[in-house]
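Asker: Build me a model:
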Amino acid sequence: MFNRAILCGILAGFLAGCAGTWQGITALRGYSSSQTEIARQIKVQENRFRILVLDIEKNRIKTGLEYRAILRRYGEPVLIWNTEAPALTSKKLLYRKPVDYFYTDRVYLYFDAFDRLVKWEYYPALKEIKEDSNVQKSN
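Answerer: Residues are numbered from 1 along each chain as shown. As a prediction, the model looks like this:
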């Protein structure tokens, strides 16, 4: 009887250890699939940013475009600033590569109170190293 209790205790401990290991394996699988999804999202954002820069270089960005049309084409910006002051612009968007913070191209889009594009600014990455002559602006 005593041997049976010891055997049951050992078996229970073994199964509990296996359950913990299985939870760890499941967590690692979830982490791996999350990392794959993050990498996919970064790739999508980089492609949309590349399209935005190409559209600027080809003069396809025009004032008067709607805010929602910009979001549909280029995705969510990295940052959005809202202003409450009755000025020319009520919203400012920053687009850049999603994981490059300092030495990357940057695009600022400015919208009025009616969510219409009023101006844009494009700062190539080399601008920070060289001079301001590389900056393109809408006006």
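Asker: which stretches of this protein form helices?
Answerer: With DSSP state H, the ranges of helices along the chain come out as 2-57, 67-74.
Asker: Confidence-wise, which of the ones you listed is weakest overall?
Answerer: With a mean of 73, helix 2-57 has the lowest mean pLDDT of the helices of the chain.
Asker: my guess is Asp105 contacts Leu54, does it?
Answerer: No: the criterion here is C-beta atoms under 8 Å, and Asp105 misses it with Leu54 at 11.1 Å. Just so you know, the C-beta spots here come from the backbone N, C-alpha and C atoms, and that holds for glycine as well.
Asker: Which residues are in contact with Leu79?
Answerer: Contacts for Leu79 (C-beta atoms under 8 Å, 6 or more residues apart in numbering) come out as Leu93, Leu94.
Asker: Asn82 now?
Answerer: So Asn82 contacts Ser90, Lys91 (C-beta under 8 Å, 6+ apart).
Asker: before we move on, what about the one 10 residues further on?
Answerer: For Lys92, the contacting residues are Ile80, Trp81, Thr83, Tyr108, Leu109, Tyr110, Phe111, taking C-beta under 8 Å, 6+ apart as the criterion.
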